[in-house]
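S.K.: Give me a 3D structure for the following:
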Amino acid sequence: MGHLDHATFGWLTPALSYAMACIGAALGLRCTVRALATTGRSRRNWLITAASAIGTGIWTMHFVAMLGFGVSGTDIRYDVPLTILSLIVAMVVVCAGVFAVGYGRDRGRALLAGGLTTGLGVASMHYLGMAAVRLHGEVRYDPALVALSVVIAVVAATAALWAALNITSPVAVTVASLVMGAAVSSMHYTGMLAVDVRVAPSDAMLPGATAMQFIFPLAVGLGSYLFLTAAFVALSPTTGEREASASAQRPVMSATR
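M.R.: Now for the predicted structure:
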């Protein structure tokens with residue numbers, strides 16, 4: 001049995017992964033608030049931005065945390081197609097959950113359906129990401145801890161969507177984002193506690209890419225996307241600001257006629 005280390009770089013990877021989860025949650029909440037204040041194409045675009053921010057934040061959190069994952073007695077590689085598939089799954093299921101909330105007429109049913117869909121999708125993303133791990137040995141899971149991680153994912157997703165529907169204050173959004181980041185990180189590390197690796201030493205070359213060859217550059221790219229999206233949201237005027245600007249321009253236009 002190999003010794004598992006979930007923080008080979010100390011607190012660096014857990015702290016960075018938590019920060020990514022919080023940033024993605026904060027952006028998703030702010031974009032959803034903007035979406036619910038609009039209609040038509042604008043609502044759709046804000047919801048897509050919200051889903052991409054949350055999905056990116058969750059996926060980046062997972063794989064930044066995985067940068068600190070090590071097993072004694074074996075190297076670790078990642079299957080590239082499966083890793084990319086896990087990113088696509090994160091985006092698609094979060095998008096489905098956010099759209100269920102954004103367009104659902106019955107908010108209660110939409111919240112439950114969206115929370116369940118998104119939570120199961122987040123768990124699927126996590127275990128797809130783990131299925132992408134290549135090492136010399138066999139990976140096993142504790143079923144009870146796996147089930148607990150899925151429950152945490154569903155509860156966290158439902159809470160996130162509830163916050164998107166009910167929280168509008170920037171301070172409240174910040175607090176909710178910190179809580180959501182903690183919930184998503186808890187799901188990840190609960191899932192990792194379920195892992196048991198039985199190492200079979202070998203000199204054979206492992207297939208796939210190392211974390212630094214593939215995961216790190218992709219995580220940096222997605223992290224940059226989150227920061228650029230944050231700048232866009234911060235600079236984009238709210239519905240209230242646009243209405244105030246339009247109201248201020250009406251007297252000026254009337255006076256020039």
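
S.K.: which residues of this protein fall in helices?
M.R.: In the chain, the helices defined using DSSP state H lie at 12-36, 40-66, 80-103, 107-131, 143-166, 170-193, 216-235, 239-256.

S.K.: what about those helices, which gets the closest to Pro207?
M.R.: Proximity to Pro207 (Cβ to Cβ) singles out helix 80-103 among these, at 9.5 Å. Just so you know, the C-beta spots here come from the backbone N, C-alpha and C atoms, and that holds for glycine as well.

S.K.: Which other helices and strands does that closest one contact?
M.R.: Where contact means 3 or more Cβ pairs under 8 Å, 6 or more residues apart in numbering; DSSP states H and E, helix 80-103 is packed against helix 12-36, helix 40-66, helix 107-131, helix 143-166.

S.K.: Averaged pLDDT, that helix. What do you get?
M.R.: Helix 80-103 shows a mean pLDDT of 86.

S.K.: now swap in stretch 107-127 and tell me
M.R.: 86.

S.K.: Using neighbour counts, pick out the buried residues of that stretch.
M.R.: Residues 110-115, 117-127 are the ones in stretch 107-127 that count as buried (16 or more other Cβ atoms under 10 Å).

S.K.: again, but for stretch 39-52
M.R.: Residues of stretch 39-52 classed as buried: 43, 46-52 (neighbour count, 16+ other Cβ under 10 Å).

S.K.: from those residues, which single one is nearest Met187?
M.R.: Ala51 (18.3 Å).

S.K.: ok, now how distant is that closest one from Thr117?
M.R.: In this view, Ala51 and Thr117 are 12 Å apart by Cβ to Cβ, to the nearest Å.
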